[in-house]
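[1] Sequence plus the predicted model coming up.
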Amino acid sequence: MDDSEKPPVCEACGRPVTERSKVNGAWLKSHRGCKDRIRTIRRRRAAEENEERVEAMFLEALEDRKRAANQWRWQIENRNELADEHDRVLAATLLVSYRCMIAAMNVMPSALIQYREPWAVDLTRMLGRRTVALIARRDGWTHTAFWEHDPECSEDGTLTRVGAGEWALPMEGMEDEYRDDLDHEDGRGRRTFSDVKALQRLWAEDHVGGQWDPGPWRFK
Ligand SMILES: [Zn+2]
């Protein structure tokens with residue numbers, strides 16, 4: 001027993017400890033009467049630490065989510081931009097192909113009737129039976145339906161026409177759609193660019209001109 005040794009301060013009440021161990025006479029770390037309070041204090045401290053840890057994890061998760069959402073937004077914007085370009089090119093190709101077929105029917109019907117010109121054959125196969133028949137009907141074609149006799153000419157043709165789709169909506173106010181038609185102004189709804197719609201558009205384009213300005217093309 002060392003009397004010169006200073007007693008420690010009790011963890012619970014902050015006062016110097018006055019009791020010694022009955023086993024070895026050393027100062028106790030706290031008052032015997034303070035044991036319950038110490039247990040309570042330690043439990044509270046552990047709970048607080050746990051809470052801090054959980055909060056830190058939560059903040060980190062929030063941060064992760066924000067990062068993921070930003071990444072996602074960027075990817076979607078990128079995708080929409082590319083899809084937009086891609087779809088416009090497709091739509092333009094479609095319109096130009098229709099224009100070529102209309103012109104061919106009006107300017108070079110013999111090339112189509114003989115069906116020997118590679119470009120005429122390619123054009124027909126690209127557009128497909130349904131579309132060529134539709135153009136022919138509108139155009140008042142009275143010759144052989146050459147496209148019906150070509151086994152290589154499928155119903156739908158080889159030209160990709162549609163590519164509309166949707167993204168799941170990850171956040172409010174985000175761009176969640178991309179579409180493939182020419183009408184991007186309103187930014188609403190999902191539409192596809194059909195043969196009929198394309199021809200209607202051509203028809204409308206060709207019939208806006210007056211007597212002196214019939215427009216660059218005439219459907220008929
Ligand atoms: Zn105490």
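    Okay, I see it.
[2] Check which helices and strands the longest helix anywhere in the chain is in contact with.
    In the chain, assigned by DSSP state H, the helix with the most residues is helix 35-107. If contacts are counted by 3 or more Cβ pairs under 8 Å, 6 or more residues apart in numbering; DSSP states H and E, helix 35-107 sits against helix 109-114, helix 118-127, helix 129-139, strand 177-178, helix 195-206. Yep, even glycine has a C-beta here, placed from its N, CA and C like the rest.
[3] shaky segments in this protein?
    Along the chain, segments meeting pLDDT under 70 span 1-4, 80, 83-88, 91, 160-198, 201-220.
[4] The ion contacts on that one?
    Contact residues (Cβ under 5 Å from the ion) of the chain with the ion: 10, 12-13, 31, 34.
[5] Report the buried members of those.
    By neighbour count, with 16 or more other Cβ atoms under 10 Å, the residues of the chain next to the ion hold 10, 12, 31, 34 as buried.
[6] Now do the end-to-end distance for stretch 96-115.
    20 Å (Cα to Cα, to the nearest Å).
[7] Give the buried residues for it.
    Neighbour counts over stretch 96-115 (16+ other Cβ under 10 Å) mark 97-99, 101-102, 104-105, 112 as buried.
[8] distance of residue 138 from the ion?
    Plainly put, residue 138 is 100 Å away from the ion if you go by Cβ to the ion, to the nearest Å.
[9] wait, isn't that residue in contact with residue 199?
    Yes - counting by Cβ atoms under 8 Å, residue 199 is a contact partner of residue 138 at 6.3 Å.
[10] May I have the residues that are in contact with residue 30?
    With contact set as Cβ atoms under 8 Å, 6 or more residues apart in numbering, residue 30 has these partners: 8, 10-12, 17, 38.
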